[in-house]
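Colleague: coordinates for the following, if possible.
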Amino acid sequence: MLTVYEAQGCKMSLKVHFLHSHIDYFPDNLGAFSEEHCERFHQDVRDIEKRYQGRWDANMQSDYCWMLRRDTEDGKRKRVRRSVKETKKRFHRQKE
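Modeller: Numbering: from 1, shown residues only. The predicted structure is shown next:
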């Protein structure tokens, strides 16, 4: 595509030139994705559309990004349950 672009006499932008000169460093499957990813994306968008009910704004995109982050967190923090006695012992000075 770039050779045809150059043959027409068009000059490459700096970004395109950088990508063209580093094309060998990108993996062959860079843009590949499975049908499961596609289906999941459409389900997520459908859920967000239901939540926002036709109101399109920047909050919608940020909500989607946070939803992805919550779904992909692998080190979720577990809450440590302590009794009232243990909590008092940890946070309050003992009267001597």
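
Colleague: who does the lengthiest helix in the chain touch, helix- and strand-wise?
Modeller: Ranked by residue count, the top helix of the chain under DSSP state H comes out as helix 35-52. The contact analysis (3 or more CB pairs under 8 Å, 6 or more residues apart in numbering; DSSP states H and E) places helix 35-52 against helix 58-72. Yep, even glycine has a C-beta here, placed from its N, CA and C like the rest.

Colleague: the helix it packs on to helix 35-52, inter-axis angle?
Modeller: Interaxial angle of helix 58-72 relative to helix 35-52 (axes from the mean of the first three to the mean of the last three CA atoms, to 10 degrees): 130 degrees.

Colleague: average pLDDT for helix 58-72?
Modeller: Averaging pLDDT along helix 58-72 gives 76.

Colleague: for that helix, packing partners?
Modeller: Under the contact definition 3+ CB pairs under 8 Å, 6+ apart, helix 58-72 sits against helix 35-52.

Colleague: chain center to the helix it packs on, what's the gap?
Modeller: Relative to its parent chain, helix 35-52 has a centroid offset of 14 Å by CA atoms, centre = their mean, to the nearest Å.

Colleague: which residues touch that helix?
Modeller: 59-60, 63-64, 67-68 (CB atoms under 8 Å, 6 or more residues apart in numbering).
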